[in-house]
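> Whatever this is, show me its structure:
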Amino acid sequence: MRKTITGQVFLIICCIFYLIWWYRGYRLGVIVKRAGGVNGILLMITTAFGIAGVTFSLQGLSMTGTPKINPPVIAVGGIIFYIAALLVTKVLFHRIVTSELFLIVGWTMLEITVVNRLNAAVLLSDGNFILMGVIIAAACIISLILYAAYYQMEEMKAFYAAMIPLITEAAAMAILVGIVFPGGTK
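Reported below is the predicted structural model:
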């Protein structure tokens, strides 16, 4: 369980560095290299914490009990969800497809996998499993709405709106960490 919680903390740190990178690289009226100098270092730190977070989150728990959601259903559901979200945002909202859509859907599937494993290992109660499902869904919906609306917003509003998904996703993981650590719930 400690590896999983460490992975979640690493992902929270990843979100923090991503926010800093976004703020420094996309502020209106400021021209900087988004991948060079300090911003390049911030982007590398963000990437390192992201990769470590995903790795630790998935390595931390084995499926010891019966999961609420069959793991292949999460994987196939994630692929279908990504394709559907891509088509809806591109066709209905004329949104340019960017890596953020992949990150939103990937994060959602990762978190569903984590809470599913924690619940199967009896480290997350059924009530908290449902609570986390609602929180993850809310963070995903908020992220998708802001993703779809981004290019239709006034620049300053878009700049700040793009930060909200990082905040909601970090908050969701912080809630999970608070529920499970130390010792978990049964």
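> Low-confidence stretches in the chain?
Residue ranges of the chain with pLDDT under 70: 32, 34, 60-61, 63, 182-186.
> hmm, try it at 50
By pLDDT under 50, the weakly predicted segments of the chain are 184-186.
> residue closest to the middle of it?
With the centre of the chain defined as its mean C-alpha position, the nearest residue by C-alpha atoms, centre = their mean is Trp107, 3.5 Å away.
> Now do the helix or strand hosting that residue: which elements does it pack against?
In this structure, Trp107 sits in helix 99-120 according to DSSP states H and E. Applying 3 or more C-beta pairs under 8 Å, 6 or more residues apart in numbering; DSSP states H and E, we find helix 99-120 packed against helix 2-26, helix 37-59, helix 71-87, helix 126-149, helix 164-180. For the C-beta atoms, the positions are set from N, CA and C on the backbone; glycine is no exception.
> cutoff 6 Å now
Counting contacts by 3 or more C-beta pairs under 6 Å, 6 or more residues apart in numbering; DSSP states H and E, helix 99-120 is packed against helix 71-87, helix 126-149.
> now the residue of the chain most remote from its centre, what's its secondary structure?
For the chain, the largest distance from the centre (C-alpha atoms, centre = their mean) belongs to Gly29, which lies 28.6 Å off. State at Gly29, reduced to three classes by DSSP: H, G, I helix; E, B strand; the rest coil: coil.
> With Val122 instead?
Val122 is classified as coil under three-state DSSP.
> neighbours of it, just the number please.
13 (other C-beta atoms under 10 Å).
> What's the separation between it and Lys68?
12 Å (C-beta to C-beta, to the nearest Å).
> One more: Arg117?
10 Å.
> okay, these two: which has more neighbours?
Arg117 (23 against 14).
> State the distance from the more buried one to Ala171.
Arg117 is 21 Å from Ala171, by C-beta to C-beta.
> One more: Leu43?
For Leu43 relative to Ala171 (C-beta to C-beta), the value is 22 Å.
> Compare these two (neighbour count), which wins?
Neighbours were tallied for Leu43 and for Ala171 using other C-beta under 10 Å; the higher tally belongs to Leu43 (17 against 14).
> Isn't the more buried one up against Trp21?
Yes - taking C-beta atoms under 6 Å as the definition, Leu43 is a contact partner of Trp21 at 5.5 Å.
> Could you point out which of the helices and strands packed on helix 99-120 sits nearest Phe49?
helix 126-149 (18.4 Å; C-beta to C-beta).
> So which residues make contact with the closest one?
89, 93, 95, 100, 104, 108, 111, 115, 119, 161, 164-165, 168-169, 172, 175-176, 179, 185 (C-beta atoms under 6 Å, 6 or more residues apart in numbering).
> and what of stretch 48-61?
With C-beta under 6 Å, 6+ apart, stretch 48-61 has contacts from 3-4, 6-8, 10-11, 13-14, 114, 117, 121.
> Kindly report the same for stretch 10-18.
In contact with stretch 10-18 (C-beta under 6 Å, 6+ apart) are residues 42, 45-46, 49-50, 52-53, 166, 170, 173-174.
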